[in-house]
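*Asks:* curious how this folds, go ahead:
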Amino acid sequence: MPLPPNHPQRLELNNEAHARPAESLTAPVRISYLALLSPPANRDAERAHITTLATSFGVKPPSPTAIHYSADFGRFRLKWERHSEFSRYKFITKGAAEDPFADPPIQKLPQAWLENLSGEILAATHAAILPHTTLEPDFDSLSDRLFAGNPLVGAGIAGGAALAITDFRIRADGFSRLLMLDRSLRPRQAGRAVQRLLEIDTYRLMSLLTFPVARALAPQLETAERELAQITEALTTVTEAGEPGLLDRLTKLAAEIESFEAKHHFRFSAARAYYALVQQRIQQLREVRIPAIQTFQEFTELRLAPAMATCTTTATRLEALSTRVARATGLLSTRVDITREQQSIQVLESMNRRADLQLRLQQTVEGLSVAAITYYIVGLIGYFSRGLKTAGIPADPDIVMAASIPFVILFVVLATRRIHRTIHKATGQPH
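*Replies:* The predicted structure is shown next:
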């Protein structure tokens, strides 16, 4: 049946729902898990490193653009997933000894290859899935035998289809431990359950990366808030002479707050996202309480929630401070603009006064110029009339000069006005 063409990203978007599938796990099985904090620039190096391992074992390597990879290496199974800020590795082997953590899968990998993994370890866990017997386990004995006597955190998961137990402690080998007792989980269901449990620990630590940032910012924000309070108070009494200095202080404070936001905005946003993922994964566990043992939900709310509340409060405080600084800057800028407008008005008024004085002086000079020009022209007429009298033409120079004065004055005035009109017309100025 003919259909319109596919959207260029249709297959990619559809396959995203099937990306990073959970492993199919059947008890007994052991897992060594690593989550390494690694920048996105390391993605190609990580893929190349896995390719090196696959080549040495004669296994098909990941594709050149892969962001997740799963393969059976014979002695172990590898699952690699690349995320925005970190990469995680799961090394899986079947079977378990009496001590399920005695021979972890990670020991089956080449030591040199492990040492050259990109990034820094954020989470490391040895997990074991064992078949659940019909008897209820002795949790005190399990704690003493496998968890160094530490208080346990755990619950029935998947509605009671399995038990999951951990202590969230890092042991001397750098790994924490997770034990899951399988009652009736299907293989894919077991894989999803283990993945959620490991993700809870990973996302918990990823969200906590923001907590030291929030604590370090607290005294700096307190100092900035005091500075803003002083500037705001000074706004009510500042003089024109003090406005530039106050604006300079406020501008420096705004730049400092903007620097805080630009540097830490992503970390605070990431903390909220990771915390939401932790809560989502706990809900997906469908916990069933084990008497006298703290559930994953309770542990998270008791330990993680206060730290996230601190991070949220710090982020809100930073945003509010930025808004208040912007508001104070706008207020002071408006005040400075008004002051400058008043100064400009005063300058214009002063210029108008000077222009008026110049006009009056010009008019005075023009009046004197008319008199002077009239004097010289009348003098010329006098010389002309004397010349006529000498030539025998009857003309009294004094009478001729006296009679010509009004006409000369009128001529000079009209000529001056004509010159003014010509200049005004050429410059576009009103008459």
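
*Asks:* give me the distance between Leu247 and Ala328.
*Replies:* 10 Å (C-beta to C-beta, to the nearest Å). Placement of C-beta: from N, CA and C, glycine included.

*Asks:* again but with Met180, I slipped
*Replies:* 56 Å.

*Asks:* those two: who's more crowded?
*Replies:* The neighbour comparison of Met180 against Ala328 (other C-beta atoms under 10 Å) goes to Met180, with 26 against 19.

*Asks:* tell me which residues touch the more buried one, please.
*Replies:* 27, 127-130, 157, 162-165, 190, 193-194, 197 (C-beta atoms under 8 Å, 6 or more residues apart in numbering).

*Asks:* what helix or strand is Arg354 located in?
*Replies:* helix 296-390 (DSSP states H and E).

*Asks:* sorry, that was for Thr232
*Replies:* helix 210-235.

*Asks:* in that helix, what's buried?
*Replies:* For helix 210-235, the neighbour count (16 or more other C-beta atoms under 10 Å) marks 210-211, 213-214, 217, 221, 224-225, 227-228, 231-232, 234 as buried.

*Asks:* mean confidence score for that helix?
*Replies:* What helix 210-235 shows for mean pLDDT is 90.

*Asks:* ditto for stretch 238-246
*Replies:* 76.

*Asks:* please apply the same query to stretch 190-206.
*Replies:* In the prediction, stretch 190-206 has an average pLDDT of 95.

*Asks:* any idea how far that stretch is from the chain center?
*Replies:* Its chain's C-alpha centre and that of stretch 190-206 lie 28 Å apart, by C-alpha atoms, centre = their mean, to the nearest Å.

*Asks:* just the CA trace of that stretch, in CSV.
*Replies:* Output in CSV follows, covering the C-alpha atoms of stretch 190-206 (Å, rounded to 0.1, in the frame of the first residue of the first chain):
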residue,chain,number,x,y,z
ALA,A,190,14.9,-9.7,37.6
GLY,A,191,17.1,-7.6,35.2
ARG,A,192,14.9,-4.6,35.5
ALA,A,193,14.8,-4.9,39.3
VAL,A,194,18.6,-5.0,39.6
GLN,A,195,18.9,-2.1,37.1
ARG,A,196,16.5,0.0,39.2
LEU,A,197,18.3,-0.8,42.4
LEU,A,198,21.7,0.2,40.9
GLU,A,199,20.2,3.3,39.3
ILE,A,200,18.8,4.4,42.7
ASP,A,201,22.3,4.5,44.1
THR,A,202,23.8,6.1,41.0
TYR,A,203,21.2,8.8,40.7
ARG,A,204,21.3,9.4,44.4
LEU,A,205,25.0,10.2,44.2
MET,A,206,24.6,12.2,41.0
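
*Asks:* make CSV out of the contacts of Met180 and add neighbour count and distance to Ala403.
*Replies:* Shown next, in CSV, are the contacts of Met180 (neighbours: other C-beta atoms under 10 Å; distance: C-beta to C-beta, whole Å):
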residue, neighbour count, distance to Ala403
Ala27, 20, 138
Ala127, 27, 129
Ala128, 23, 135
Ile129, 27, 134
Leu130, 18, 139
Ile157, 26, 129
Ala162, 25, 133
Leu163, 23, 135
Ala164, 26, 130
Ile165, 21, 133
Ala190, 24, 132
Ala193, 24, 128
Val194, 28, 128
Leu197, 23, 125
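
*Asks:* and the angle from the helix or strand containing Ala190 to helix 296-390?
*Replies:* If you go by DSSP H and E, Ala190 is part of helix 187-208. Our comparison of helix 187-208 with helix 296-390, counting by axes from the mean of the first three to the mean of the last three C-alpha atoms, to 10 degrees, yields an angle of 50 degrees.

*Asks:* and helix 187-208, what other elements does it pack with?
*Replies:* strand 29-37, strand 86-94, strand 120-131, strand 162-166, strand 176-182, helix 243-285, helix 296-390 (3 or more C-beta pairs under 8 Å, 6 or more residues apart in numbering; DSSP states H and E).

*Asks:* in that helix, what counts as buried?
*Replies:* 189-208.

*Asks:* cool, and stretch 374-389?
*Replies:* 374, 377-378, 381-382, 385-386.

*Asks:* give me the mean pLDDT for it.
*Replies:* Mean predicted confidence for stretch 374-389 is 74.

*Asks:* stretch 310-328 now?
*Replies:* 90.

*Asks:* ok, stretch 290-305 next?
*Replies:* The model assigns stretch 290-305 a mean pLDDT of 92.

*Asks:* buried ones in it?
*Replies:* Neighbour-count burial for stretch 290-305, counted by 16+ other C-beta under 10 Å, picks out 290, 293-297, 299-300, 304.

*Asks:* pull the distance from it to the chain's centre.
*Replies:* On C-alpha atoms, centre = their mean, the centre of stretch 290-305 falls 33 Å from the chain's centre.

*Asks:* which outside residues touch it?
*Replies:* By C-beta under 8 Å, 6+ apart, stretch 290-305 touches 139, 151-156, 163-165, 168, 197, 200, 204, 207-208, 275, 278-279, 282, 285, 287, 289.

*Asks:* now do the helix holding Ala190 and strand 162-166, the angle between them.
*Replies:* Going by the same axes, to 10 degrees, helix 187-208 makes 30 degrees with strand 162-166.

*Asks:* backbone phi and psi for Pro100, please?
*Replies:* Note on Pro100: its backbone torsions stand at phi -70, psi -10 [degrees, to the nearest 10].

*Asks:* tell me how many other residues crowd it.
*Replies:* 21.

*Asks:* for the closest residue in space to it that isn't next to it in sequence, give its distance to Leu357.
*Replies:* Nearest residue to Pro100, sequence neighbours excluded (C-beta to C-beta, 6 or more residues apart in numbering): Ala128, at 3.5 Å. Look at Ala128 and Leu357: by C-beta to C-beta, they are 100 Å apart.

*Asks:* same question, Gly156
*Replies:* The value you get for Gly156 to Leu357, if C-beta to C-beta is used, is 99 Å.

*Asks:* out of those two, which sits in the busier spot?
*Replies:* Gly156 (19 against 10).

*Asks:* got a list of what that one touches?
*Replies:* Here Gly156 is in contact with 162-164, 287-290 (C-beta under 8 Å, 6+ apart).

*Asks:* could you chop this structure up by domain?
*Replies:* Under automatic domain parsing, the residue ranges defining each domain of the chain are 18-188, 210-345, 363-427.
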